[in-house]
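In: make a model of this:
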Amino acid sequence: MKISELTLGTAQLGMEYGISNKIGKLSSKKATEILKIASSVGINCYDTARAYGNSEQVLGKFLKKESKNNIVITKIPNINEISFDETYNKIRKNISESSFYLGMKDIPICLLHEPTRIDKDDDMVRSIIKLKKEGLIKKIGISTYVPKEAKEFLDIPQLDVIQIPLNVFDTRLIHNNTLKELNNGEKIIFARSVYLQGLIGMETNQIPLFLEEAKPHIKNLKIISEEFNMNIREMALAFVKDLEEISSVIIGIESPDQLNENIEFLNKKSLPIKIRERIMDEFSNLPEEIINPGIWKNT
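Out: Alright, predicted model coming up:
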């Protein structure tokens, strides 16, 4: 699979998503405009999920009109029935529905969405492995916020793809060498949460009360950006995109202007080593309550 450097996150196409979201769910017109821009600049990979409202339907409606081959990642929620057969049948039904909505005979990439267990004997893992063998899915894997699960992922050779949290505030997988281990295993690695649902780049007076603890770190990041005369969001994206282990960076978009801004950032020079070292040093041990949206109090 030849995957574009930027993968378009499409949660906003089907639901209100992100703590900095002021627009809500995108209108059909805006969604189409964003998808057209993405396609025109060579983005060929789109990230969606069963849990993202009607995102699959909106994306599928657009992609059915496209003549080029696109890569779609969809994700299935935790499904744990009494027996393997029941779990498998329910997941197969999910995959069939996703294929129908997306207008695809088979799903290019299907991931377990924040799974509760990563083990070769788990029924969900066994189910997606079986569905891959049957040809309904091309590549399989997991999407996680938890470094421990990234380690467990490495123990199952049949899994091909992983989405990991990686941003200026969350460098756990760099510090513990898991990122290098994933790369050595020749896996497809997507970086998610590059802007932490918009937290990175927010003004401190806009940060919700449940993330009050993040304010001093946001202020510190702003000091660094001003010192080096660099936009915070540009700095945050460059920090991740420059990592050689990363196959593609997933970015959720709320407007055409935001997409164009990220494309501009993507085409800029690499992050100076001084800034990278400063970030790695100053934000090396932030509390999980800040860096893991999966446990944020409003979710």
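In: which residues in the stretch 1-150 of the chain form strands?
Out: Secondary structure of the stretch 1-150 of the chain (DSSP state E, counting those that start in this stretch): strands at 6-9, 45-47, 71-76, 107-113, 137-143.
In: please produce TSV containing those, extended by distance to residue 247, mean neighbour count and mean pLDDT.
Out: Any C-beta I mention is one placed from the backbone N, CA and C, and that applies to glycine too. Output for the strands of the stretch 1-150 of the chain, formatted as TSV (distance: least, Cβ to Cβ, whole Å; neighbours: other Cβ atoms under 10 Å; pLDDT from 0 to 100):
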stretch	distance to residue 247	mean neighbour count	mean pLDDT
strand 6-9	9	25	96
strand 45-47	9	26	97
strand 71-76	11	24	96
strand 107-113	11	24	96
strand 137-143	11	22	97
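In: and residue 228, which of those is closest to it?
Out: Nearest of these to residue 228, taken as Cβ to Cβ: strand 6-9 at 23.0 Å.
In: show me what that closest one is packed against.
Out: With contacts defined as 3 or more Cβ pairs under 8 Å, 6 or more residues apart in numbering; DSSP states H and E, the packing partners of strand 6-9 are helix 28-40, strand 45-47, strand 248-252, helix 256-266.
In: for the first one, packing partners?
Out: Yep, that's helix 28-40 we're talking about. Using 3+ Cβ pairs under 8 Å, 6+ apart, helix 28-40 is in contact with strand 6-9, helix 11-14, helix 55-63, helix 256-266.
In: now the angle between helix 28-40 and the third one, please.
Out: Read that as helix 55-63. Inter-element angle recorded for helix 55-63 and helix 28-40: 60 degrees (by axes from the mean of the first three to the mean of the last three Cα atoms, to 10 degrees).
In: got the angle between helix 55-63 and strand 71-76?
Out: Using the same axes, to 10 degrees: helix 55-63 against strand 71-76 is 160 degrees.
In: what comes up buried for helix 55-63?
Out: By neighbour count on 16 or more other Cβ atoms under 10 Å, the buried set for helix 55-63 is 55-56, 58-63.
In: kindly report the same for stretch 122-135.
Out: In stretch 122-135, counting by 16+ other Cβ under 10 Å, buried: 122-132.
In: which secondary element of this protein has the worst mean pLDDT?
Out: Using mean pLDDT, DSSP states H and E, helix 11-14 stands out as the lowest-scoring helix or strand of the chain, at a mean of 86.
In: using PDB, write out every CA atom in that helix.
Out: C-alpha atoms of helix 11-14 as PDB (Å, rounded to 0.1, in the frame of the first residue of the first chain):
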ATOM      1  CA  ALA A  11     -14.900  11.800  12.400                       C
ATOM      2  CA  GLN A  12     -16.200  15.400  11.900                       C
ATOM      3  CA  LEU A  13     -18.000  14.200   8.700                       C
ATOM      4  CA  GLY A  14     -20.400  12.100  10.800                       C
END
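In: packing partners for that helix?
Out: By 3+ Cβ pairs under 8 Å, 6+ apart, helix 11-14 packs against helix 28-40, helix 55-63.
In: my read: residue 84 touches residue 129, true?
Out: No: the criterion here is Cβ atoms under 8 Å, and residue 84 misses it with residue 129 at 11.5 Å.
In: what stretches of this protein score poorly on pLDDT?
Out: Along the chain, segments meeting pLDDT under 70 span 15-24, 67, 298-299.
In: tell me where it has helices.
Out: Along the chain, counting by DSSP state H, helices occupy 11-14, 28-40, 55-63, 84-102, 123-133, 147-153, 172-175, 178-184, 215-227, 232-241, 256-266, 273-282, 288-291.
In: any idea how far residue 41 is from residue 266?
Out: From residue 266 over to residue 41 the distance is 9 Å, taken as Cβ to Cβ, to the nearest Å.
In: about what we covered before: closest to residue 190 among the buried residues of stretch 122-135?
Out: residue 128 (16.6 Å).
In: the closest one reaches residue 137, doesn't it?
Out: Yes: using Cβ under 8 Å, residue 128 is in contact with residue 137, at 6.6 Å.
In: give me the phi and psi for residue 267.
Out: Taking degrees, to the nearest 10, you get phi -90, psi 0 for the backbone angles of residue 267.
In: that one: neighbouring residues, count only.
Out: When neighbours are defined as other Cβ atoms under 10 Å, residue 267 has 9 of them.
In: residues touching it, list them.
Out: For residue 267, the contact set (Cβ atoms under 8 Å, 6 or more residues apart in numbering) is empty.
In: which of the helices and strands packed on strand 6-9 sits most buried?
Out: strand 45-47 (a mean of 26; mean count of other Cβ atoms under 10 Å).
In: and residue 163, how many residues sit next to it?
Out: Around residue 163 there are 27 residues (other Cβ under 10 Å).
In: just give the closest residue to it, not the sequence neighbours.
Out: residue 143 (3.9 Å; Cβ to Cβ, 6 or more residues apart in numbering).
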